[in-house]
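**Q** missing the sequence, but the structure's below:
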């Protein structure tokens, strides 16, 4: 080929970088730096635990973690985890439980159980005497088993009257309401009946033709009885709460009864007291919970615990966590799971009581931490003492002292089994304690607010709240206002972590129970000023190509080569979305003696270059060989910067090589190289 032939390629500037703007607020101080790169994780399972899990995830997302959860039920959650469709799961039911003729076998992947949140299974009822709603109903375990096995069918049954000596119970048909679908609460309930009244459950199994007679997650309804089934906890709670459902009683998580504003029965415990599933009672009960060798819960000691505060149907949900790197598990995912697990065992427990759950007591937190250490990639405190010291769980102090066992109120004397009975009331109360600001500076005034609400019903409690710091009273008791709130202001002299308590004492102890709420407070040194601001998205992204002159490719043998003009990328945006610059060649068109001829743009290749160092996180694209595949059909990356990088100015270029086909007509040719830039969403 004539070496005098000139192949001319014009480098055309196309500075139309695609920019999509999205305003992002950045809060100072900056988010914590992660020791390892956290990876997104996906979970599925328990609907009962979902409100707590949803709140935890919302808080953790603010720390820069990517966590997703699908509340598709405990059974589906276990199946998803076993199949590798989720990285973790939540369930009230472990693997391996025999449910009728079915056994949910453990998965092939490594796993362990970690406690996540506790609660009580409540017996919500709709009962009136003389037009007045009953809200002080008491039931023994034998009566509850009798109601839900159709042995006790009227409210004035002698066994119910024995539990309630001061109630003139009506001759009214009982309507037991159960779940029509599978759920963890049903499994907890039937497990409890098997342990405490096995004859009742075994007789019922025979009546409904269920063999083997084991605990079950799907309650069998006996045909020809007044028992009915409803879908989901909302279905049971809504049915019981209907004005037309006088005489109905159903078992639901305590949170659903609270949401409906309906009373729940006080259940007789091994100490001879009728108690409610309050956060304090559930927490005290689960101090007796033990772990089986496979880390599942052994609740039998809870049923026989003689502490007067225990509520027998206390239980907790599990997180099912991976312990090996199968099913697409990675150490980066394990790091995220470690952060999430430590948060929910500790600070996350502060927000669960007001949702109708109970904060995990210290024994379950310690058990959870031990299991969390088995997750590959989890970065955790080296010792149990270090973990407890920074835990900020409301049931114990940083030194590991069990504060719950000392602060949980005892039941009223009138709730003891016998000839007396507490007067009709809404009973149990729950305290939500808040401190503002938190964290606070040493010497800075802090406002403490305790909101006392009634666990069942709509009455507003009356009484006083004593605020405490580290077990010591601060100020005098504060009377509740008309909304049920008490407020006080205090200061903290020294930096550190403080445990705050609010202790409610009712004016009429026969109307409302005492209760306690806890909160952790961080006090910063006085020379540290907490700052917060919102930084607007600023800066710009530009792409500039110096194309004032035509780039001429010089022919040498069967190839022609040249360097591009400088291509400048400038990114000064403080949202750091990243960017990518690519190029694509048009076909070469002949003119002059080559008029009518053409050369495919795929005959052009390049090797990306840069003048000076690239910004942190930016890298050059790979070499594209001419004709294999070339730059014509598909754009090729010149350089790119991943999200979170690329800030600054980059001067890019490329060494071009054109493979000249042997059949190409002699003469000048011209083409264009289109350079585009795109950015990730800021």
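**A** All right, it came through fine. If you're wondering where the values come from, they're calculated on a predicted model, not measured in any experiment. Numbering: from 1, shown residues only.
**Q** in the stretch 401-550 of the chain, which spans are helices?
**A** Applying DSSP state H, counting those that start in this stretch to the stretch 401-550 of the chain gives helices spanning 404-407.
**Q** am I right that residue 399 is in contact with residue 390?
**A** No - proximity of residue 399 to residue 390 does not meet the contact threshold set by CB atoms under 8 Å, at 11.7 Å. Where C-beta positions appear, they are placed from N, C-alpha and C, glycine not excepted.
**Q** quick one: which of those two has more around it?
**A** residue 390 (13 against 8; other CB atoms under 10 Å).
**Q** for the closest residue to that one other than its chain neighbours, helix, strand, or coil?
**A** Nearest non-adjacent residue to residue 390, counting by CB to CB, 6 or more residues apart in numbering: residue 381, 6.8 Å away. State at residue 381, reduced to three classes by DSSP: H, G, I helix; E, B strand; the rest coil: coil.
**Q** pLDDT averaged over whichever helix or strand residue 185 is part of - what is it?
**A** For residue 185, the host element (DSSP states H and E) is helix 184-196. Helix 184-196 comes out with an average pLDDT of 94.
**Q** C-terminal to that helix, what's the next element?
**A** Heading C-terminal from helix 184-196 (DSSP H and E), you reach helix 198-208.
**Q** that next one vs helix 184-196, what angle?
**A** 120 degrees (axes from the mean of the first three to the mean of the last three CA atoms, to 10 degrees).
**Q** what helices or strands is helix 198-208 leaning on?
**A** helix 141-147, helix 184-196 (3 or more CB pairs under 8 Å, 6 or more residues apart in numbering; DSSP states H and E).
**Q** tell me where the model's unsure across the stretch 251-400 of the chain.
**A** Residues of the stretch 251-400 of the chain meeting the criterion pLDDT under 70: none.
**Q** show me what the helix holding residue 185 is packed against.
**A** Helix 184-196 is packed against strand 111-125, helix 141-147, strand 175-179, helix 198-208, strand 248-253, helix 300-304, with contacts defined by 3+ CB pairs under 8 Å, 6+ apart.
**Q** surely residue 38 touches residue 330?
**A** No - using CB under 8 Å, residue 38 is not in contact with residue 330; the gap is 10.6 Å.
**Q** which one's more surrounded, those two?
**A** residue 38 (24 against 16).
**Q** against residue 266, how distant is that one?
**A** In this view, residue 38 and residue 266 are 45 Å apart by CB to CB, to the nearest Å.
**Q** list the buried residues of the helix or strand where residue 255 lies.
**A** Assigned by DSSP H and E, residue 255 belongs to helix 254-260. Using 16 or more other CB atoms under 10 Å as the test for burial, helix 254-260 gives 254, 255, 256, 257, 258, 259, 260.
**Q** other residues contacting it?
**A** Contacts with helix 254-260, where a contact means CB atoms under 8 Å, 6 or more residues apart in numbering, come from 51, 119-122, 124, 233-234, 236-238, 240-241, 263-264, 277, 355-357, 455-456.
**Q** report the buried members of these.
**A** 51, 119-122, 124, 233, 236-238, 240-241, 263-264, 277, 355-357, 455-456.
**Q** which residues of the stretch 351-500 of the chain fall in strands?
**A** Using DSSP state E, counting those that start in this stretch, the strands of the stretch 351-500 of the chain run over 429-436, 440-441, 446-454, 463-469, 472-473, 478-479, 485-490, 496-506.
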